[in-house]
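Undergrad: 3D, please:
(2 chains)
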Amino acid sequence: MALIPLSYNLRSLIVRWPSTILTVLGIAATVAVLVGVMALQQGFTALFRAQGRDDVAVFLRQGATNEGDSAFTRERAMILMKTVPEIAEDEAGRRLVSAECYLAVRRNKTGGGGETNVPVRGVMPMSFVIFGRDITFSQGRNFTPGTDEVIIGAKLAERIEGARLGEVLQFNTTPFRVVGIFEHDGPFSSEIWGDHDRISEALERPVYNRVIAKLNDETDWPELVRRMDQDPQVPSKLLTEREYLTSQTSAFSFVLSALGVFLAVIMGIAAVFTATNTMLTAIAARTIEIGILLSMGFRPHAVFLGFMLEALLLGIMGGIVGALIVLPLNGIQTGAMNFQTFTEVAFAFRVTPQILFGAIVFAALLGILGGAIPAWRAARMRPTEAMRRG
Amino acid sequence: MPPFRLVWKNLLRHRTRALLTAASLAVAIFLLCVLRSLLVVLESGIKASASNRLIVQSSVSLFVYLPESYEAKLERIEGVERVVRWNWFGGYYQEPKNFFAQFATDVEDLFEVYPEIELVEGSQEDFFGDRRACVIGSEMARKFNMRVGDTMPVIGGLFPRTDGQPWDFRIAGIYHSVKPNVDNNTLFFHADFLQKALESGAANGPEGVGIFVLRLEPGADRVRVAETVDALFAGGPQRTQTTTEAEFQAQFVSMVGNVPFFVGSIGGGVLIAILLATLNTMLMAAREQTRDIGVLKALGFRDGTVFGLMLGQSMLLTGVGGMGGLLIALSSERFFAQLLGTAFPGYHIAAETVVEAVIATLLIGVLAGIVPALRARKLSVLTALRSVG
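TA: Next comes the predicted model:
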């Protein structure tokens, strides 16, 4: 089967450049908006999901969906920490378990951006052993247990007032000195950490919000989950840290995905219409050429394929341009609300190869849908009439 | 004066193209209306706030409770007429995804201090007289298909009952709020009921009061009252942050962070895409009409008329599309209001949204029409007639 050479389509796109550019840019804008939304969703999800660890167990109060809701009294937390036999020990024989308190506090954003909610976590020294090398210090040092010192996640330090090294943060009536800035690839980098007892006293919250632990390798997780749920003394909800963090993202992630789909459909329709217009005009202006092609012996389906290819090219070019427009977003820091705990987390847009590939496929699809009717019209032309009409 | 008949006939020359352009513009304007309306919802609470109410909350955190003892102290402050306790209950119906707000409050004061909350079914006496009773919003009643007299089982997320059972509230009434600062998806019940349950050990949970709402006496100085309150508790045990209701609502918008910016960027992208599409159509139309313009000019029509002919086509095309978009937005208002009811209570296409949509449409019409119109005006008769179209 003889196909129409690709150079014919390429040249006609170039000859009609104003129309080509406008169509490509129109598709590009559609693609850019979608890539932007998806990059936001990816960045937010990756921050939580990718950093969650499978070997760290999180104990919450039954029925609690997040740390803010969860609470254990001191006695209950101690029982939990001492009695669960699956909790691992280090070489020195210390149990790898820590109880933490958690509260979202008001802070003023830098640059007069109003108030935001920042998580404060009161931890025991063992928390640092459990998370090990995940937490590193970029400035200063760790807080000294039992003192009014705090350390700040690197992404938070610049976002709120009074959080730089050496500055003082006040919680209710107690001032805390910032002695270190720490790095973490996950959500901890948007938190303030301090000594559990000092923080819970300053905030007048004598409770533990969660217990975290490392479990023995041979632990039967499903069995332990069931047992903790029915524990007569301290019933609790057990999850891996990865499961816990994933559950924190699901609501916002769903909203963003739904928004993405909604925008894709609505803006996609508009883009398809534009592509159809462009191709219809292109074909109307080339009626004579089509007549010539057909009378030269090109089959109607070759003509159809030829124009579909032209539309596909428009789509793919739009996809590439759209992806290029949004690519610089990759890595840019932004903030969004974790609606579960009502706190703001900082994260970076993530334009992944999958998103880019998906965007170009989507744009190609827009081109194909837009080209179908015009190409079909072209293929059905009768050679003699077509040549006469010009 | 553009020749209107010619404007119209020129558009009809390519029916499919005119239709597709107008349709894509309609889709875009519809999308802009929806996005704008989401922002309107975010801000509506602030605008509808009453000026005679102050909110006292912890200055430390949204989640820190104030001592019960503050109530009596607040009542003694000059200028304060009434004090209403509001406690966030944080429960859910059946599963966590059936989320709605519940507040334990001083129910009799609530109706006094919030005249915008009106009972549409049931009676206040019934509600006030029964500790286990609650009232629910009209939107929620519809969503869960609940009537007066039904029992609403709420699982206490923040306040679990020690027997492991849900809290059973008897629905004594259904309210409707006429202002967006109180939504119609909330359950209100007796603060005393919650307090008794905590004291008797029937339930666990944080003690204290979430926020106090103060209604001021007519003519009282808001700023002075707020300063007096905060000064009174500056030494602890819990510092307070007293704000107007508008500022209280505004803090939530501020906490939502960059959402308005994101939505704005999306809207900008949509506008650019549709402007390019319309411009494309107009350029195509202009090229085809080059010879017609030459003929018109040769016949003695003025440059201005030719200019108007092209601009008129653009305006007519976008006008039809924009109107279509507005119609879709208005007719889908109800659908979106139901779909987004929980996250965006009170979703509606506001008058200002309509005005903005009209302005956006006119702007696109002018921008897309001006280039071909200017070109048509400058075109010399000879070049135009020689063109092959």
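
Undergrad: residues in contact with residue A:40?
TA: Neighbour list for residue A:40: A:256, A:334, A:336, A:349, B:262 [criterion: Cβ atoms under 8 Å, 6 or more residues apart in numbering or on different chains]. From N, CA and C alone the C-beta is placed, and that goes for glycine too.

Undergrad: in a helix, that's where residue B:85 is, yeah?
TA: No - counting by DSSP: H, G, I helix; E, B strand; the rest coil, residue B:85 is not part of a helix but strand.

Undergrad: surely it and residue B:208 touch.
TA: No - the criterion here is Cβ atoms under 8 Å, and residue B:85 misses it with residue B:208 at 9.6 Å.

Undergrad: and the most centrally placed residue in chain B, helix, strand or coil?
TA: Among the residues of chain B, the one closest to the centroid is residue B:41, at 1.0 Å (Cα atoms, centre = their mean). Counting by three-state DSSP, the backbone at residue B:41 sits in helix.

Undergrad: what's the burial count for the closest residue in space to it that isn't next to it in sequence?
TA: In space, and not counting its chain neighbours, residue B:41 is closest to residue B:344: 4.4 Å by Cβ to Cβ, 6 or more residues apart in numbering or on different chains. By other Cβ atoms under 10 Å in any protein chain shown, 19 other residues sit near residue B:344.

Undergrad: for residue 92, phi and psi?
TA: In the absence of a named chain, this looks at chain A. phi -80, psi 0 (degrees, to the nearest 10).

Undergrad: ah, no, chain B please
TA: Per degrees, to the nearest 10, the backbone of residue B:92 is at phi -150, psi 160.

Undergrad: likewise for residue B:300?
TA: According to degrees, to the nearest 10, residue B:300 has phi 110, psi 10.

Undergrad: residue B:85 and residue B:208 - which one has more neighbours?
TA: Taking neighbours as other Cβ under 10 Å, residue B:85 and residue B:208 compare with residue B:85 leading, 24 against 16.

Undergrad: is the more buried one in a bridge, and if so with what?
TA: In this entry, residue B:85 is beta-bridged to residue B:212, by DSSP bridges.

Undergrad: what's near enough to touch it?
TA: B:71, B:104-106, B:191, B:209-212.

Undergrad: list only buried entries from these.
TA: B:71, B:104-106, B:191, B:209-212 (16 or more other Cβ atoms under 10 Å in any protein chain shown).

Undergrad: assign residue A:9 to helix, strand or coil.
TA: Of the three states, residue A:9 takes helix according to three-state DSSP.

Undergrad: what's the burial count for it?
TA: Neighbour count for residue A:9, taken as other Cβ under 10 Å: 20.

Undergrad: spatially, what comes nearest to it if we skip its sequence neighbours?
TA: If the residues on either side of it in the chain are set aside, residue A:9 comes closest to residue A:310, at 4.2 Å by Cβ to Cβ, 6+ apart.

Undergrad: I'd guessed that neighbour sits against residue A:279; true?
TA: Yes - the pair residue A:310 / residue A:279 is scored as a contact, 7.1 Å apart, by Cβ under 8 Å.
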